[in-house]
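1. Whatever this is, show me its structure:
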Amino acid sequence: MPDGNPTNLLYYGDNLDILRRYVNDETVDLIYLDPPFKSNQDYNVLFKERNGKQSAAQIHAFEDTWQWDEAAALAYKEIVEAGGKVSQAMQAFRTYLGANDMLAYLAMMAPRLVELRRVLKPTGSIYLHCDPTASHYLKILMDAVFGPEHFLNEIIWKRTSAHSAAVRWNDVHDVILLYSRADSYRWNRVLLAHSNEYAARYRRKDEAGKLWTDDNLTGPGVRHGDSGAEWRGFNPTTRGLHWKVSAKTVEDIVGSEKAESLSTTEKLDVLDAHGFIHWPRSSTGGYPRFKRYLSEGAPVQDVVTDIPPINSQAQERLGYPTQKPEALLERIIKASSNEGDTMLDPFGGCGTAVIVAQRLGRRWIGIDITHLAINLMKRRLRDAFGKDVEFKVQGEPVDVAGAQELAGKDPYQFQWWALGLVDARPVEGKKGADKGIDGRIYFHDEADSSETKQVILSVKAGHTGAAHVRDLRGVLDQEKAAIGVLISLQEPTGPMRTDAAEAGFYHSPGWNQDYPRIQLRTIAELLAGKGIDAPPQHVTFKQAPKHVKDGGVQLEITPATSDTNAATETLVVADKPRGRKKR
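-> Numbering: from 1, shown residues only. From the prediction side, this is the model:
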């Protein structure tokens, strides 16, 4: 996507191919990725509660299992033959791990991380969300791709509070690795609300009503330089102390460059001149103290315990197995991007990152390899933002020829895509288990009844005939469904239309209207905009919460400003934060 293009994009396809073909060099400001973790977990059910309770619709979403096979070997060969640090890291992994499933996972990740670095702007950052199963290997791989000097944080997110490991410590956290592309990177100061216990320490008010408390202006130990010099009649060395000055407060007053040129006693003069010194009564003989004001909030820490996982009753919960809380993505996006910046999520899933990016005024690119996820993201965006969101979908069929090509390559992807044309929820693809039902649409059409009624759908990519209509009618009767729809690539035959007409009509008591019980729809008709003839206000996927422009719940943020441009909302960090150990 060329820089300056305001279009938001959803891509269907392999993210490695999409990145190489469509995303230009240095065009992305922020990358968040939540790839499969090599957890040996099979995410068999898209719509399934964490307690194991089956919901009405199930689908094999993806497998988080990896094996060393021909594809993994080819990926490994490609990255090794490219040379450089990444090649060296992968060769070391193979020496240590051998040709196993973990190496297959790393061989999948390595070329994608190389491409992600390519598309990231020099001021950009990347957040890699993983779990402890593979985080240590991924950190080495990220060091090889981005350079160990560009490692910024290992963020720990407490994702759950309840586990029961019998013979080891309970694992309750995920890891988020933060790297920059270069030494100068975008950073916004995000502040969190203080705890009640901390805020209670600030009981005094100044003339402007601002809360403060007094703190030490000295530290233990004698210093023979300026920090041990006498100031305003007070000599700290006589008490075995030295002056301890808040450098940040002085920098905030006079700027960092000026502050560096000041002696300790001169900094004390600055603090006193601006009301940051509390003078005790002369009769008490006490030392002056520092007036520490209650800040607007506490800076974000690299251990996140205040954002809980999505529980079963949460409004934003959609049932997707790897869904992350919007609050977590909001904190990340606000910290490392500005409005108008472009955020990329190459493992889109259920679209939490693009949803939050849209809400925060960022441009975005989402990629996923399943039409199931693409359909879910499209529905979620429209539920949340309605007509206020504009985006394009790349990689989906736009005509019958494209649909035929998809059906030939992957029948299940074709089925999910076709169901997405009518906003239907897919069910398990195995015909023996689902009685020939590929999708469902639920609706309510009686004001005084809580009864949920349904439209069942069957999708056919190949030859169709009257037998398929009769089978659908049988399932319709067995399921006691209101309406059945047969979606096909081929035009229905005359006998098919006759059998469909003989099924009669469903009468909606709420709308006092008749709808054909069996309906035949071709892909061409659906692409042309012809939908299903059914009672309105039907519900399929769980609807995402609607975005509120004004008065909505927002996470807290205070933009930082640089000394050279006080109007900007961004702090471009040119040097590494002090105190980081050399690696």
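
2. ok, residue 174 touching residue 154?
-> No: taking contact to mean C-beta atoms under 8 Å, the distance of 11.0 Å between residue 174 and residue 154 leaves them out of contact. In this view, the C-beta of every residue, glycine as well, is placed from N, C-alpha and C.

3. more crowded one of these two?
-> A side-by-side neighbour count of residue 174 and residue 154, using other C-beta atoms under 10 Å, places residue 174 first with 22 against 13.

4. what about the more buried one, which SS state?
-> strand (DSSP: H, G, I helix; E, B strand; the rest coil).

5. now swap in the one 5 residues further on and tell me
-> Local secondary structure at residue 179 is given as strand here, using three-state DSSP.

6. Neighbours of it, how many?
-> As a burial measure, residue 179 scores 27 neighbours (other C-beta under 10 Å).

7. Leaving out sequence neighbours, find the closest residue to it.
-> Ranked by C-beta to C-beta, 6 or more residues apart in numbering and with sequence neighbours excluded, the top spatial neighbour of residue 179 is residue 146, at 4.4 Å.

8. Which pLDDT value belongs to that neighbour?
-> The confidence metric pLDDT takes the value 98 at residue 146.

9. Next: residue 494.
-> Checking the pLDDT column for residue 494, the value is 95.

10. Under the pLDDT cut-off, which ranges of the stretch 151-300 of the chain? List them.
-> Along the stretch 151-300 of the chain, segments meeting pLDDT under 70 span 162-165, 282-285, 296.

11. For the residue nearest to residue 179, list the residues it contacts.
-> Under the criterion of C-beta atoms under 8 Å, 6 or more residues apart in numbering, the contact partners of residue 146 comprise 117, 126, 179-181.

12. Neighbour-wise, which one of those residues leads?
-> When neighbours are counted as other C-beta under 10 Å, the busiest of these turns out to be residue 179, with 27 neighbours.

13. in the sheet, who's paired with it?
-> residue 126, residue 151 (DSSP bridges).

14. so what's it up against?
-> By C-beta under 8 Å, 6+ apart, residue 179 lies in contact with 125-126, 128, 142, 146, 150-152.

15. Check residue 254 too.
-> Taking C-beta under 8 Å, 6+ apart as the definition of contact, the neighbours of residue 254 are 262, 270.

16. That one and residue 158, how far apart?
-> Here residue 254 is placed at a distance of 40 Å from residue 158 (C-beta to C-beta, to the nearest Å).

17. now swap in residue 408 and tell me
-> Relative to residue 158, residue 408 is positioned 46 Å away (criterion: C-beta to C-beta).

18. okay, the two: which has more neighbours?
-> Set side by side, residue 408 and residue 158 give different neighbour counts by other C-beta under 10 Å, the larger being at residue 158 (15 against 10).

19. give the contact list for the more buried one.
-> When the contact criterion is C-beta under 8 Å, 6+ apart, the partners of residue 158 are 172-173, 303-305.

20. before we move on, what about residue 294?
-> Residue 294 touches 194, 199, 202, 210-213, counting by C-beta under 8 Å, 6+ apart.

21. mind running it again at 10 Å?
-> Counting by C-beta atoms under 10 Å, 6 or more residues apart in numbering, residue 294 makes contact with 194, 198-199, 201-204, 210-213.

22. Please apply the same query to residue 518.
-> Contact criterion C-beta under 10 Å, 6+ apart gives 469-470, 472-473, 476, 483-486, 496-497, 499-506 as the residues in contact with residue 518.

23. need the contacts of residue 158 in JSON lines with distance to residue 346 and neighbour count, can you?
-> Shown next, in JSON lines, are the contacts of residue 158 (distance: C-beta to C-beta, whole Å; neighbours: other C-beta atoms under 10 Å):
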{"residue": "172", "distance to residue 346": "27", "neighbour count": "16"}
{"residue": "173", "distance to residue 346": "23", "neighbour count": "18"}
{"residue": "303", "distance to residue 346": "26", "neighbour count": "12"}
{"residue": "304", "distance to residue 346": "23", "neighbour count": "19"}
{"residue": "305", "distance to residue 346": "28", "neighbour count": "12"}
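
24. other SSEs contacting the longest helix along the chain?
-> The helix of greatest length in the chain, counted in residues with DSSP state H as the criterion, is given as helix 101-119. Helix 101-119 is packed against helix 15-22, strand 28-33, helix 70-81, helix 84-97, strand 120-130, helix 135-146, strand 173-180, strand 342-345, with contacts defined by 3 or more C-beta pairs under 10 Å, 6 or more residues apart in numbering; DSSP states H and E.

25. Return the most buried member of the ones you listed.
-> The highest mean neighbour count among the helices and strands packed on helix 101-119, using mean count of other C-beta atoms under 10 Å, belongs to strand 342-345: a mean of 27.

26. sorry, back to before: so which of the contacts of residue 158 would you say is closest to residue 364?
-> Each of the contacts of residue 158 was checked against residue 364 using C-beta to C-beta; the closest is residue 304, at 22.5 Å.

27. which residues touch the residue lying closest to that closest one once chain neighbours are set aside?
-> Counting by C-beta to C-beta, 6+ apart, the nearest residue to residue 304 once its immediate chain neighbours are dropped is residue 157, at 4.6 Å. When the contact criterion is C-beta under 10 Å, 6+ apart, the partners of residue 157 are 129, 131, 172-176, 302-305, 307, 309, 324-325, 328, 331.

28. and the helix or strand hosting residue 157, C-alpha only, in CSV?
-> Residue 157 is part of strand 151-158 when elements are defined by DSSP states H and E. The C-alpha trace of strand 151-158 is given here as CSV (Å, rounded to 0.1, in the frame of the first residue of the first chain):
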residue,chain,number,x,y,z
PHE,A,151,14.9,-4.7,21.5
LEU,A,152,12.8,-2.4,23.7
ASN,A,153,10.6,-4.5,26.0
GLU,A,154,9.5,-7.9,26.9
ILE,A,155,5.9,-7.1,28.1
ILE,A,156,4.2,-9.6,30.3
TRP,A,157,0.4,-9.7,30.1
LYS,A,158,-1.4,-11.6,32.8
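
29. now it and strand 120-130, what's the angle there?
-> For the pair strand 151-158 and strand 120-130, the angle between their directions (axes from the mean of the first three to the mean of the last three C-alpha atoms, to 10 degrees) equals 30 degrees.

30. Can you classify residue 393 by secondary structure?
-> Local secondary structure at residue 393 is given as strand here, using three-state DSSP.
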